[in-house]
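Asks: okay, predicted coordinates and the sequence, questions at the end:
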Amino acid sequence: MRQSATARQKLDVSGLNVKDYLDAEAIDAILKISPPGDTKLLAQVVEVFRDSADGVLVELRGLAQPHEIIIKTAALAHKLKASAKVAGARRVVRVAAELEDAAKEAQAAITVDYINAQCDDCEIELDIYSQLMTMHHLPESANP
């Protein structure tokens, strides 16, 4: 796996329930369109998802104007949620959905601090997702 623009720490994921983090149906759907035993497409999906997610988080962290916070947060969180569903990143879907819902409801809690906290949570979930995907679905030789 590749590293994102921000420094990432290696997390201990050994005791986590994989089913809480990885959507087996989404991952299987990607594997079904690949040749048997070939994980290159899955590795590419994971890499594109991580690149896209990292870009969305940078955009979210860059929101500063009150009008941007409400309008753009919902759209960016929806984009992140949709790509996380395709990539099988369950917990990222959850965090993005919370952020999207809060923005759509125009809650007073939608502040730069709230967005940054949700981005922090999302980055942790992305790191866990990447590590679990590497451990359970992507042999080192398949990683781009």
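Replies: Looks like it arrived, so ask away.

Asks: so where's the longest helix in this protein?
Replies: Using DSSP state H, we find that the single longest helix of the chain is helix 112-136.

Asks: which helices and strands sit right next to that one?
Replies: helix 18-21, helix 40-61, helix 66-87, helix 90-104 (3 or more C-beta pairs under 8 Å, 6 or more residues apart in numbering; DSSP states H and E). Quick note: C-beta positions are derived from backbone N, CA and C, even for glycine.

Asks: how far does that helix sit from its chain's centre?
Replies: Put simply, helix 112-136 sits 6 Å off its chain's centre (C-alpha atoms, centre = their mean, to the nearest Å).

Asks: kindly report the same for stretch 71-79.
Replies: Centroid separation for stretch 71-79 versus its chain: 14 Å, with C-alpha atoms, centre = their mean.

Asks: and that stretch, what's buried?
Replies: 72-74, 76-79 (16 or more other C-beta atoms under 10 Å).

Asks: next one: stretch 84-94
Replies: 84-85, 87-94.

Asks: over to the spatially most distant residue from the centre of the chain: give its phi and psi.
Replies: Distance from the C-alpha centroid of the chain peaks at residue 36, with 26.2 Å (C-alpha atoms, centre = their mean). The phi/psi pair for residue 36 (degrees, to the nearest 10) reads phi -50, psi 130.
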